[in-house]
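**Student:** this one's structure only:
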């Protein structure tokens, strides 16, 4: 391989790695914004889709709407549509950020094309992320047409987590050979602990979606005036979710302990595991704030986003520790690294 071709290839690889990392961060920001939309009750801030009150740029005051706008847009909402510029623009900005995220994922797909010959899974998984994003956009329209059906809203959020996992796989694969991964003694024990941690954390997220659905019902029944009684009316799913957090904390403390005991050198996995434990602690703190401070709106999206970040980091740690067995075409990757 000539020096010029090698330089071009290295530049393409570097561009892809940076773009994949930026895309993952932006997807997490989109999950955070989606949480803000839900916690502020802005999900129907735009009662139609893809436009907002029939316009590509939503109004800022009610005088910009037809006098009978409630009749026009409130039919499917049982006449309860009420223009609120703050909620309208929160939802509209969520849609714009979603479109921007889609552009970034498409850019990641384009940047993955050079990998088609040397490491096809990177291209195929980038394509999968793009197709899933298109489906996610369609599902977003169903969220509006279904009048914020709890099942559709939850499915919308879970699909976002799937997209994150696909992008994390692509990103981790592209970084193999570019970051220092520790040599681990007793890897079978670490892997078993990690798998239990990932599985039970996903279960905790799923229970959390049930709590969120129960919260939606309580909010409708009690209204904002009864906010201090929201938590006590959530039912058994909330108490399971709250108590289960102790198990999740124990699993992460155990993971950090095992890694500190069995790793031979300090590297990216140690840093990720320490950061992961800190995120879990902060997430539990936000859960306590939600439970005992009458569910402040600012804590809800933070709690949700930290949960998805934690599960994603667990997945990356597992991928990096098992790179040679998880990722295929390692011969080509190792040959490339030797030429750099």
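**Tutor:** Received, thanks. Note that the structure is predicted; figures quoted are calculated from it, not measured.

**Student:** for residue 28, see how far away residue 21 is.
**Tutor:** 11 Å (CB to CB, to the nearest Å). Just so you know, the C-beta spots here come from the backbone N, C-alpha and C atoms, and that holds for glycine as well.

**Student:** low-scoring stretches of this protein, by residue?
**Tutor:** 1-12, 75-80, 144-148, 328-340 (pLDDT under 70).

**Student:** counting neighbours, what do you get for residue 221?
**Tutor:** Neighbour count of residue 221, defined by other CB atoms under 10 Å: 11.

**Student:** just residue 127 next, same as before
**Tutor:** Under the neighbour criterion other CB under 10 Å, residue 127 is assigned a count of 16.

**Student:** pop out the phi and psi values for it.
**Tutor:** Dihedral angles of residue 127 (phi, psi; degrees, to the nearest 10) stand at phi -60, psi -40.

**Student:** dump the residue contacts of it.
**Tutor:** Residues in contact with residue 127 (CB atoms under 8 Å, 6 or more residues apart in numbering) are 109, 112.

**Student:** any idea how far it is from residue 28?
**Tutor:** Counting by CB to CB, the gap from residue 127 to residue 28 is 21 Å.

**Student:** for stretch 153-173, buried residues please.
**Tutor:** 153-157, 159-161, 163-173 (16 or more other CB atoms under 10 Å).

**Student:** with stretch 65-84 instead?
**Tutor:** Within stretch 65-84, the residues that count as buried by 16+ other CB under 10 Å are 65, 69, 70, 73, 81, 83, 84.

**Student:** the third one contacts residue 47, doesn't it?
**Tutor:** Spelled out, it's residue 70. No - between residue 70 and residue 47 there is no contact under CB atoms under 8 Å: 9.7 Å.

**Student:** shared neighbours of these two, which are they?
**Tutor:** residue 81.

**Student:** count of residues packed around residue 189?
**Tutor:** Neighbours of residue 189 under the rule other CB under 10 Å: 13.

**Student:** returning to what we had before: dump the buried residues of stretch 65-84 into a markdown table; add secondary structure as well.
**Tutor:** A markdown table is the format used below for those (DSSP: H, G, I helix; E, B strand; the rest coil):
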| residue | secondary structure |
| --- | --- |
| 65 | coil |
| 69 | helix |
| 70 | helix |
| 73 | helix |
| 81 | coil |
| 83 | coil |
| 84 | coil |
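
**Student:** nothing else from me, thank you.
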